[in-house]
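# this one's sequence-less:
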Ligand SMILES: Nc1ncnc2c1ncn2[C@@H]1O[C@H](COP(=O)(O)OP(=O)(O)OP(=O)(O)O)[C@@H](O)[C@H]1O
């Protein structure tokens, strides 16, 4: 970085007061010099007790706190510094390789930490970031605890409006409903909503996933059994349909039901009747049956793994939840909803337009479940500041996809790297571009030159750049191999 850039930054930076608490005078001196050069006012203290007095008096924008202090140690004093400064960022200085202390520091509310001995460049980067964070910190205080209904189905897209309409239309009736959609699209949420808005809402709601049941016991689980029906049946036992009397049953992943059980389910659906395993007595079922699937039942019928009569019976009333990538406009309200549920400060300010555009580009193979987990992850990383794309975990791979396509993951890595490097007071775009080219061009050039057998004229033609430019860049990267062009 050249000195004029430095000077520009210094004048642009707002002056803040930084409190340095360390009993080593040399560290206080070095940090003071570095921060004063940045345009900040620096106050120092050699113990936690003295530091706390200073903190209350000067209200610093940043506290740099050593862990090892003469009386009270930095980790124990950390919450007191947060309280005294109204949550100013605290950068903790720990001994080299002391993971336990670093973890304890972050747990106690430290924004970042430096390990001794540290380079001043690193200290400067960490301090700049912490100050920028404190400037960005969302100041709005959440005065009332925002209540979020965990069963709420959030969505403003036309597709979700259609789903809401369908739920409203079918809820009152006793119709069986098949809810379809990829994993994580909210099928179970919809089933629960249908039950909640139905006449049966006072009765039980029992979701069950046949795939989670022992295949030998599946019929007994659903319909119950009588004593002695099979080895181990030491007593009569009621099944799911009996326990759900006057209520609703959700058969999750109905496509996993064995064919023999499908016949019995059809009988319940058509005649409202079933028998316990080992019993001749016919019982009447007073349950509403909802089913969900993320597989193509039509295809399962074609393969002979799903009965056609049951298929027609179940698909009479179908609610389809489209994948999240087809309803990108739901991403913003869903993020708000999940952040509100986490009591994140000012959820409406936490997601910028730029971040939203990034999130809307992602494939979300795990749909809303993946988005929810990703927002929860990002909220932990961002700790009260607005979220950035690099706070989010990488996208989940799609079905049968080992990972996202190389080009996509390259794009994502570059984006994460660039955003974090550019973050307030980080690298200039020009520095970043130079570093980016230095990281990518040598590999590309080597491959193209190998392809042309070292012929630079051909390589520059293929690359669409001037031969002289290629020569200069190869020299810069130390790739001055002999040119085989004639
Ligand atoms: N529209 C939505 N609004 C709010 N939360 C949602 C919505 N859709 C899904 N979720 C949340 O996403 C998670 C997954 O939803 P759910 O279990 O209903 O999906 P599913 O389609 O049944 O998944 P699977 O097929 O894997 O069982 C849950 O935490 C749920 O609360």
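That came through fine. On a predicted model such as this, the values are computed, not experimentally measured, just so you know. Numbers count the residues shown, from 1 in each chain.
# drop to CA atoms for contacts and neighbour counts, all remaining ones
Will do.
# Name the residues of the stretch 201-350 of the chain found near the ligand, please.
Proximity of the stretch 201-350 of the chain to the ligand, by C-alpha under 6 Å from any ligand atom, involves residues residue 294.
# Tell me who's in contact with the residue in the stretch 201-350 of the chain that the ligand sits nearest to.
As assessed by C-alpha to the nearest ligand atom, the ligand sits closest to residue 294 within the stretch 201-350 of the chain, at 5.7 Å. When contacts are counted by C-alpha atoms under 8 Å, 6 or more residues apart in numbering, residue 294 touches 180-183, 253.
# Could you pull out the helices in the stretch 351-486 of the chain for me?
353-361, 367-382, 406-422, 429-451, 456-463, 467-476 (DSSP state H, counting those that start in this stretch).
# Would you mind giving these as CSV with distance to residue 176, mean neighbour count and mean pLDDT added?
CSV is the format used below for the helices of the stretch 351-486 of the chain (distance: least, C-alpha to C-alpha, whole Å; neighbours: other C-alpha atoms under 10 Å; pLDDT from 0 to 100):
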stretch, distance to residue 176, mean neighbour count, mean pLDDT
helix 353-361, 34, 15, 95
helix 367-382, 25, 18, 94
helix 406-422, 42, 14, 64
helix 429-451, 57, 14, 82
helix 456-463, 62, 18, 86
helix 467-476, 68, 15, 84
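# re the thing from before, and which of the contacts of residue 294 is nearest residue 369?
Of all these, residue 183 has the smallest distance to residue 369: 8.1 Å, by C-alpha to C-alpha.
# Would you mind checking which helix or strand in this protein has the lowest mean pLDDT?
helix 3-12 (a mean of 36; mean pLDDT, DSSP states H and E).
# And the following helix or strand past that one, what does it pack against?
On the C-terminal side of helix 3-12, the nearest following helix or strand under DSSP states H and E is strand 17-21. Packing contacts for strand 17-21, counted by 3 or more C-alpha pairs under 8 Å, 6 or more residues apart in numbering; DSSP states H and E, involve helix 25-37, strand 41-45, helix 48-58, strand 62-66.
# Can you list the neighbours in contact with strand 17-21?
So strand 17-21 is contacted by 28, 31-32, 35, 40-48, 51, 54-55, 58-66 (C-alpha under 8 Å, 6+ apart).
# what's the angle between that strand and strand 62-66?
10 degrees (axes from the mean of the first three to the mean of the last three C-alpha atoms, to 10 degrees).
# Could you pull up phi and psi at the residue of the chain found nearest the ligand?
For the chain and the ligand, the shortest gap (C-alpha to the nearest ligand atom) falls at residue 186, measuring 3.1 Å. Dihedral angles of residue 186 (phi, psi; degrees, to the nearest 10) stand at phi 110, psi 20.
# Could I get the contacting residues of it?
Here residue 186 is in contact with 153, 321, 368-369 (C-alpha under 8 Å, 6+ apart).
# which of the residues in stretch 52-65 are buried?
Residues of stretch 52-65 classed as buried under the neighbour-count rule (16 or more other C-alpha atoms under 10 Å) are 52, 54-55, 59-65.
# How about stretch 223-235?
In stretch 223-235, counting by 16+ other C-alpha under 10 Å, buried: 223-226, 229.
# Take those residues and keep only those in strands.
Of the buried residues of stretch 223-235, the ones assigned to strands by DSSP state E are 224-225.
# Farthest-apart pair in the buried residues of stretch 223-235, please.
223 and 229 (12.4 Å).
# which residues do those two both contact?
residue 277.
# What separation do you get for residue 276 and residue 225?
In this view, residue 276 and residue 225 are 5 Å apart by C-alpha to C-alpha, to the nearest Å.
# next one: phi and psi at the closest residue in space to residue 306 that isn't next to it in sequence?
Nearest non-adjacent residue to residue 306, counting by C-alpha to C-alpha, 6 or more residues apart in numbering: residue 300, 5.3 Å away. Residue 300 has phi and psi values of phi -60, psi -30 when expressed as degrees, to the nearest 10.
# Residue 300 - how many residues pack around it?
By the measure other C-alpha atoms under 10 Å, the count of residues near residue 300 is 16.
# cool, residue 198 as well?
21.
# likewise residue 195?
By other C-alpha under 10 Å, neighbour count at residue 195 equals 27.
# Check which helix or strand the residue lying closest to it once chain neighbours are set aside maps to.
With C-alpha to C-alpha, 6+ apart as the criterion, residue 195 has its nearest non-adjacent residue at 5.6 Å, and that residue is residue 201. Assigned by DSSP H and E, residue 201 belongs to neither a helix nor a strand.
# Pull the most distant pair out of the buried residues of stretch 52-65.
59 and 65 (14.6 Å).
# how about the most centrally placed residue in the chain, what does it touch?
Central residue of the chain (C-alpha atoms, centre = their mean): residue 374, 0.7 Å from the mean position. Counting by C-alpha under 8 Å, 6+ apart, residue 374 touches 392-393.
# Got phi/psi on the residue nearest to residue 195?
phi -60, psi -20.
# likewise the one 4 residues further on?
Torsion angles at residue 205 (phi, psi; degrees, to the nearest 10) stand at phi -120, psi 110.
# Could you do residue 273 as well?
Backbone geometry at residue 273, expressed as degrees, to the nearest 10, gives phi -130, psi 150.
# what do residue 276 and residue 225 both touch?
238-239.
# From the contact counts, what lies against the helix or strand where residue 221 lies?
In the assignment (DSSP H and E), residue 221 maps to helix 218-223. Helix 218-223 is packed against helix 240-243, with contacts defined by 3+ C-alpha pairs under 8 Å, 6+ apart.
# Thanks again, I'm all set now.
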